[in-house]
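*Asks:* Have a look at this prediction, sequence included:
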Amino acid sequence: MRRPTLPLAAAALCSLLAACDRPFLYAELTIPELRVNLPQQDFPASSGAPPDQWCTPTDPSCLFTEVEYDFSDAVPLVGEKGVTVDLRLTEISMALDAGTSDFGTVESVTIRIVSPDDPADSVVAASYVRTEPNPTTITVSGNANIDLGPYLSGSKFVARAEMVYASSTPAFTADVSARFSLVLTVDYGSYVF
């Protein structure tokens, strides 16, 4: 008597798929470039800023501003149940909008991505050191080796721009734009049920 091979083959296939460290039924979406623009972000003046805007309690020459990125409009699946995200920052730039004529007094900028679980925990995603005397834009290449997925809270994450000033700078606004690469994996079993 011959045994049916279809059920055995199906069982073998299921075992192989389960061993591949992937959900049984999933979809993967790769977005090689996603641009997010945040117009008119406020940055404080370098003198007279309150200590809660200092990068450290003893250094008033370094001030920080936090900006929040929300991916829900651009990629609606981010933050949904059953969806994992591999998010990489590839570039961030700041272009002056108003308040000052150039970034000549900005010595350096460090972009930190803040953990949603512990605001004291962060990772440096990009950094800049001024090399020109009076730049009007700052463009920073991101560290694409850092997966920012764990720093998402739902569809959002917070970036902290820490700016070190060489001399007095008035408050200003700048348009902040960032480029990301993104890989979404949707586990249909978890997403649908």
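*Replies:* Yes, it's here.
*Asks:* From D52, how far off is S155?
*Replies:* To D52, S155 is 27 Å away according to CB to CB, to the nearest Å. C-betas here are computed from N, CA, C, even on glycine.
*Asks:* Looking at those two, which has the bigger crowd around it?
*Replies:* S155 (19 against 7; other CB atoms under 10 Å).
*Asks:* Can you check the pLDDT for the more buried one?
*Replies:* Per-residue pLDDT puts S155 at 84.
*Asks:* Tell me who's in contact with it.
*Replies:* By CB atoms under 8 Å, 6 or more residues apart in numbering, the residues touching S155 are 70-72, 75, 78-79.
*Asks:* which pair in those spans the largest distance?
*Replies:* D70 and V75 (10.3 Å; CB to CB).
*Asks:* more neighbours, these two?
*Replies:* Legend: neighbour count by other CB under 10 Å for D70 and V75, higher for V75 (19 against 14).
*Asks:* is it true that that one touches L184?
*Replies:* Yes - counting by CB atoms under 8 Å, V75 does reach L184; the two are 6.9 Å apart.
*Asks:* any residues in contact with both of the two?
*Replies:* Common neighbours of V75 and L184 (CB under 8 Å, 6+ apart) are I31.
*Asks:* before we move on, back to that, how about TSV for the contacts of S155, with secondary structure and pLDDT added?
*Replies:* Listed next are the contacts of S155 as TSV, based on DSSP: H, G, I helix; E, B strand; the rest coil; pLDDT from 0 to 100:
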residue	secondary structure	pLDDT
D70	strand	85
F71	coil	81
S72	coil	79
V75	coil	82
V78	coil	81
G79	coil	79
